[in-house]
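> Using only what follows, build the 3D model:
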Amino acid sequence: MKRSLLCLSLLLAFAAHAKLPAPPPPTDEAKAKAAEAAARTAWSTKVGGYKLCMAMDKAASNYFKTAAAAGKSVKPAEAAAPCVDPGPFAYVPPKPAEAAGAHSPAATAVSPPSTQAPAGAATPAKK
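Now for the predicted structure:
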């Protein structure tokens, strides 16, 4: 019984390590959707930080107000950076490489790429 259980577990372990075929490369549309999702996630993170900043400001002002009403002496808060509203989500997809001019031809050569002077004459020997 133990031997058959051991053989079965080894068989399952080797089957789990079998090599799977590689997934196909993502299409341009899938890459665009992934880029937009990443931009939306970054924007959501900024919105969350803004809301947290607003809540901390509200809690601090409430604390200072109640401490002053209770007669406690409270040190003034350090000047913190103001909360920055990220605004509404706006995503502008980047231009494809072909539209950006990445494949434009090189400029026409005006002069030859090298000179006729020998290498020794171009750099004089140091003494």
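
> Which pLDDT value goes with residue 35?
Residue 35 is assigned a predicted lDDT (pLDDT) of 94.

> That one: how many residues sit nearby?
A total of 13 residues lie near residue 35 under the criterion other Cβ atoms under 10 Å. Yep, even glycine has a C-beta here, placed from its N, CA and C like the rest.

> Pull the contacting residues for it.
93, 94 (Cβ atoms under 8 Å, 6 or more residues apart in numbering).

> Now with 10 Å, please.
91, 93, 94 (Cβ atoms under 10 Å, 6 or more residues apart in numbering).

> Now do the SS call for the second one.
Yep, that's residue 93 we're talking about. coil (DSSP: H, G, I helix; E, B strand; the rest coil).

> Counting neighbours, which of the contacts of residue 35 comes out on top?
Ranking the contacts of residue 35 using other Cβ under 10 Å puts residue 91 first, with 12 neighbours.

> thought it was touching residue 36?
Yes - with contact defined as Cβ atoms under 10 Å, residue 91 counts as touching residue 36 (5.3 Å).

> one step back: if we only consider the contacts of residue 35, which is nearest to residue 69?
Nearest to residue 69 among the contacts of residue 35, counting by Cβ to Cβ, is residue 91 at 46.9 Å.
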